[in-house]
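A.B. asks: quick one, fold the following:
(chains A and B)
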Number of protein chains: 2
Amino acid sequence: MSAKDCTPAPKFSLNDISQSILDTEYAIRGTIPTRADELQEQLNISPNQLPFKKIIYANIGNPQQLEQEPLTFQRQVLSLVEYPNLVNSKNILVENKIYAPDAIKRAETILNSIGGSVGAYSSSQGILSIRKNVAKCILQRDNDELCCNDEELINETASNIFLTDGATTAVSYILPLFAKDENCGVLLPIPQYPLYTAAVTLQNSKLLPYYLNEDENWSTDPEEIETIIKDAISRNIKPTTLVIINPGNPTGAILSVESITQIINIAAKYGIVIIADEVYQNNIYQDFKFHSFKKILNSLKLQYPKKYDNVQLASLHSISKGVNGECGQRGGYFELLGFSDEIKKIILKLASIDICSVVTGQILVDLMSKPPEKGDYSYKLDQRERNNIQSNLILKSNTLYDLFSRLPGISCQKPQGAMYLFPRLHLTSNMINEAKLNNLEPDEFYCLKLLENTGICTVPGSGFGQKEGTYHVRTTFLPSGIEWIKLWEKFHLEFMNQYK
Amino acid sequence: MSAKDCTPAPKFSLNDISQSILDTEYAIRGTIPTRADELQEQLNISPNQLPFKKIIYANIGNPQQLEQEPLTFQRQVLSLVEYPNLVNSKNILVENKIYAPDAIKRAETILNSIGGSVGAYSSSQGILSIRKNVAKCILQRDNDELCCNDEELINETASNIFLTDGATTAVSYILPLFAKDENCGVLLPIPQYPLYTAAVTLQNSKLLPYYLNEDENWSTDPEEIETIIKDAISRNIKPTTLVIINPGNPTGAILSVESITQIINIAAKYGIVIIADEVYQNNIYQDFKFHSFKKILNSLKLQYPKKYDNVQLASLHSISKGVNGECGQRGGYFELLGFSDEIKKIILKLASIDICSVVTGQILVDLMSKPPEKGDYSYKLDQRERNNIQSNLILKSNTLYDLFSRLPGISCQKPQGAMYLFPRLHLTSNMINEAKLNNLEPDEFYCLKLLENTGICTVPGSGFGQKEGTYHVRTTFLPSGIEWIKLWEKFHLEFMNQYK
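C.D. replies: Numbering: from 1, shown residues only, chains lettered A, B, ... in the order given. Prediction:
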């Protein structure tokens, strides 16, 4: 066929595209961050034409984009595994204090266990020696001290762990299995991290939102969850999956043992898979305590043998949060509990199609799970760095919380964990009307004005979901210094004044 | 609700799982590789109980699992960006020849362009400075020498490039857009890399296989493609997407300029998106030449202005293949040509949900696109390493091809590119019956016997698709040495003898 014969067909338009893809939304990189990128472009061209000199990215939990430094020990090991020839210069490197001796030793151990190169595909489930270290870390976390040296238990636990490129990958394997069509429903907290609404919409399944209780520090109400399950069933929708984010994103709330217990009971009663997004398990502030779903489930199983054998739980973790903050390195894991072998095989098949997660990300999961121990050369420095990061996060969280507590027209629950504040905006009808005139949601309007006046980039609550008639802003407290907080205060007071 | 109230619902079984996920297959890590893992376990426990001492993994193109060394310059840069403090010890490192000075300089340039840390999320489309280097590399590849310094053209090209975790991610963004339901069809070469059948099956769309011509060195026949399109249309299936793998996996065939031209004409006539999987573009052997779809499309556009404006092409590339072989580091890109802005925005939205591809993988894409140049400190070593890898691959390819050419009961087309041979097995009815008795496909039976007798792990042709009544084996030629080739020869002769 030559070009002459060729009567060109039209290009594809949005009409040709999968409807579920069109319907999918992801606010974290939505309109406000997109506008921020445009303003950044303007600043690059003419730095003095805007009322601010730089964009302050508070829209995304990306610690190392801002001021958080990576942990030295972790990065020394990564540097060594990327260029194993360095080990040949071990003496010079140690004498000149360029690398710590225990970092070199750890790198050698890792390289031996992966066959010598981070450039080779690993097994699709993830490197076995790393999964074993994760298993030990989980057993320790849940105070299963007696079991930490039980080789059989470690092996069994490791067999249920899948290393991934982060929590997003975990969700992309597990959620579509059970949210198979428009007759299946997925229970999601509102507000929630928009990955979940996106994943459910892509699957063309039903969103079954349950609202978190803002007045009680964004607590989760198991009774409301059960009501929604019953309602769905009455509408011939099968609720197959329940997502819990603990600690909460964007709320920062931590679930109580009682709530977790009741949620597990509900899952057992209705046969619903629990996806426990526990990626902020190491971002715990004040005197709060994190309890893993696994720990509570195991203690229930001890109390009531056989009663909970049907509970199917997937727990997600990541290297992106906590003191690691290694977002760009993409690593994480999920642990499966109570799933049948045939279903685990299907999940492995899905992982196989992606071949494997990035090996350096897997190594960071190893380093997160097994940091330097007391007596190790790097222990003191590592501890100092961790404590600095942690106290810095608490300080920034408190400073921002204090601001929102004393400003008019805004209220905020005290965060217990995670990296975000989700203050509520009490907007006047003037403000709401002005937003409508601009064809924007009221909180989107606030975020846009905040951005255009101060350079502070946040995400409107509408991107995470909120009760109708309420308006929120999600902000991280990661940006450095307190100057930006003062900018926000000044803007807010002027804004409130303008639309009294 | 307490445990007493709780009447446990049953666990999920395969009946509860999405049918399209159940139907999906992925042979590269299928039955034969799974059996290989079991045998490896046996070897770990008792190394002398099997007729071989180790598994030879020829089932997957994983160069660094075998003997291929990574490129020194690339790994030095990666090591430095993982631990930027090293730059403070620049003098000691250079004096002791631990790092090359140009590697340090390149690492500094990269760190500056990404804001200082590989641990931060990048933009979802990928780091702009890296996309610009990719753009220049593409322009050079297609002999667009005049344009290589045209800043506007580079920027425009970069705006159409998306950095990914590899070709798999690219497929997962593009294919579901147009293969939206069971009324859409995707044209796939047979044999093909099973990622594509898996992706289409997951989407619940129709597979429209077109057979490659084994007798003519696995050539692609545009007429057959058009016949299949017409047939699909007559069955009310809309062919939306056409996958081309060039150089071919598993065939090693390279498409001619004529075939590419005709395929583009067909795409223009019927309005079909072309996905050109060009990940083996740098694995070219003998005197063959690779022509990118983009280059041919651009030359057609010059010849016939406006005639090809409707052609929508996505070209895929990866760091996993070629002389890089950095499979475990997960990096790649795709370039979009002819897509409308609204569709590009949708693809960016999908990329945003994953937030970003691993930053070190993006950096490897940068290093692949812009290697050391003449006059640079690392140039000579880098060239030597590249030449060694390349000549080693050609040698191994030829040795294995020669074996298959002289053995009875097997025939093989000469590979022109990629990393694989796909010899045809001429099996006797005795062999076929024996396979049936074992409940196996005949080529699966051959691969299993090969594995169990020699430790050589390959993939049966049935995993890639083949004409009915023909049987093949896909093998990489990556394992080191020629001992394994001798083992294969010995096995094959005995096997042929046994089932005469």
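
A.B. asks: who are the packing partners of the longest helix out of those in chain A?
C.D. replies: Ranked by number of residues, the top helix in chain A under DSSP state H is helix A:379-406. Contact analysis of helix A:379-406 by 3 or more C-beta pairs under 8 Å, 6 or more residues apart in numbering or on different chains; DSSP states H and E lists helix A:72-82, strand A:410-411, strand A:420-421, helix A:483-498 as its packing neighbours. Using the backbone N, CA and C atoms, a C-beta is placed for each residue, glycine as well.

A.B. asks: would CSV of these with mean pLDDT, mean neighbour count and distance to residue A:168 be doable?
C.D. replies: As requested, the helices and strands packed on helix A:379-406 are exported to CSV (pLDDT from 0 to 100; neighbours: other C-beta atoms under 10 Å in any protein chain shown; distance: least, C-beta to C-beta, whole Å):
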stretch, mean pLDDT, mean neighbour count, distance to residue A:168
helix A:72-82, 98, 26, 21
strand A:410-411, 97, 18, 31
strand A:420-421, 96, 26, 17
helix A:483-498, 95, 16, 28
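
A.B. asks: per-residue pLDDT of residue A:181, please?
C.D. replies: At residue A:181, the model reports a pLDDT of 87.

A.B. asks: which residues touch residue A:117?
C.D. replies: Going by C-beta atoms under 8 Å, 6 or more residues apart in numbering or on different chains, residue A:117 touches A:84, A:111, B:64-65, B:70, B:328.

A.B. asks: flag the least confident of the residues you listed.
C.D. replies: residue B:65 (89).

A.B. asks: and the nearest residue to that residue once chain neighbours are set aside, how far from residue B:68?
C.D. replies: Using C-beta to C-beta, 6 or more residues apart in numbering or on different chains and skipping the chain neighbours, the partner closest in space to residue B:65 is residue A:120 (3.9 Å). As for residue A:120, its distance to residue B:68 is 9 Å (criterion: C-beta to C-beta, to the nearest Å).

A.B. asks: same check, this time on residue A:73
C.D. replies: 30 Å.

A.B. asks: which non-adjacent residue is nearest the residue of the stretch 151-300 of chain A found nearest chain B?
C.D. replies: At 2.8 Å from chain B, residue A:271 is the closest residue in the stretch 151-300 of chain A, using C-beta to the nearest C-beta. Excluding its sequence neighbours, the residue lying closest to residue A:271 (C-beta to C-beta, 6+ apart) is residue B:9, at 2.8 Å.

A.B. asks: surely that neighbour and residue A:273 touch.
C.D. replies: No. The criterion here is C-beta atoms under 8 Å, and residue B:9 misses it with residue A:273 at 11.1 Å.

A.B. asks: check contacts around the residue lying closest to residue A:126 once chain neighbours are set aside.
C.D. replies: Leaving out its chain neighbours, the residue that sits closest to residue A:126 by C-beta to C-beta, 6+ apart is residue A:163, at 2.7 Å. The neighbours of residue A:163, taking C-beta under 8 Å, 6+ apart as the test, are A:122, A:125-127, A:130-131, A:134, A:331-333, A:357, A:361-362, A:365.

A.B. asks: need those in TSV (columns: distance to residue B:430, neighbour count and secondary structure).
C.D. replies: Shown next, in TSV, are these (distance: C-beta to C-beta, whole Å; neighbours: other C-beta atoms under 10 Å in any protein chain shown; DSSP: H, G, I helix; E, B strand; the rest coil):
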residue	distance to residue B:430	neighbour count	secondary structure
A:122	40	23	coil
A:125	39	22	coil
A:126	43	25	coil
A:127	43	23	coil
A:130	47	27	helix
A:131	44	26	helix
A:134	50	24	helix
A:331	51	31	coil
A:332	51	26	strand
A:333	49	29	strand
A:357	44	29	coil
A:361	49	31	helix
A:362	46	28	helix
A:365	50	29	helix
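
A.B. asks: could you chop chain A up by domain?
C.D. replies: Domain assignment for chain A by automatic domain parsing gives A:14-66+A:385-498, A:128-369.

A.B. asks: need the next SSE after the helix or strand harbouring residue A:298, C-terminal direction.
C.D. replies: Secondary structure assignment for residue A:298, by DSSP states H and E: helix A:293-303. Toward the C-terminus, helix A:293-303 is succeeded by strand A:313-318 as the next helix or strand (DSSP H and E).

A.B. asks: before we move on, back to that, bridged to the residue nearest to residue A:126, which residues?
C.D. replies: residue A:333 (DSSP bridges).

A.B. asks: now do the same for it: its pLDDT.
C.D. replies: 98.

A.B. asks: need the nearest residue in space to the residue nearest the centre of chain A, chain neighbours excluded.
C.D. replies: Nearest residue to the geometric centre of chain A (C-alpha atoms, centre = their mean): residue A:279, 5.3 Å. When the adjacent residues along the chain are set aside, residue A:279 lies closest to residue A:318, with 4.2 Å between them (C-beta to C-beta, 6+ apart).

A.B. asks: residues in contact with that neighbour?
C.D. replies: A:166-167, A:279, A:331-332.

A.B. asks: ok, now with 10 Å
C.D. replies: A:164-170, A:277-282, A:324, A:326-327, A:330-334, A:361, A:364-365, A:368 (C-beta atoms under 10 Å, 6 or more residues apart in numbering or on different chains).

A.B. asks: hey, which helix or strand in chain A has the poorest pLDDT?
C.D. replies: Every helix and strand of chain A was ranked by mean pLDDT, DSSP states H and E. The lowest is helix A:19-23, at a mean of 86.

A.B. asks: how about that helix: buried residues?
C.D. replies: A:20-21 (16 or more other C-beta atoms under 10 Å in any protein chain shown).

A.B. asks: low-confidence regions, chain A specifically.
C.D. replies: For chain A, the stretches flagged by pLDDT under 70 are A:1-7, A:28-29, A:144-148.

A.B. asks: strands along that one, start to end?
C.D. replies: Remark: strands assigned in chain A by DSSP state E are A:56-57, A:161-164, A:184-190, A:206-211, A:238-245, A:273-277, A:313-318, A:332-337, A:410-411, A:420-421, A:424-425, A:456-457, A:459-460, A:471-476.

A.B. asks: so the residue nearest to the centre of chain A is in contact with residue A:368, correct?
C.D. replies: No. Using C-beta atoms under 10 Å, residue A:279 is not in contact with residue A:368; the gap is 11.4 Å.
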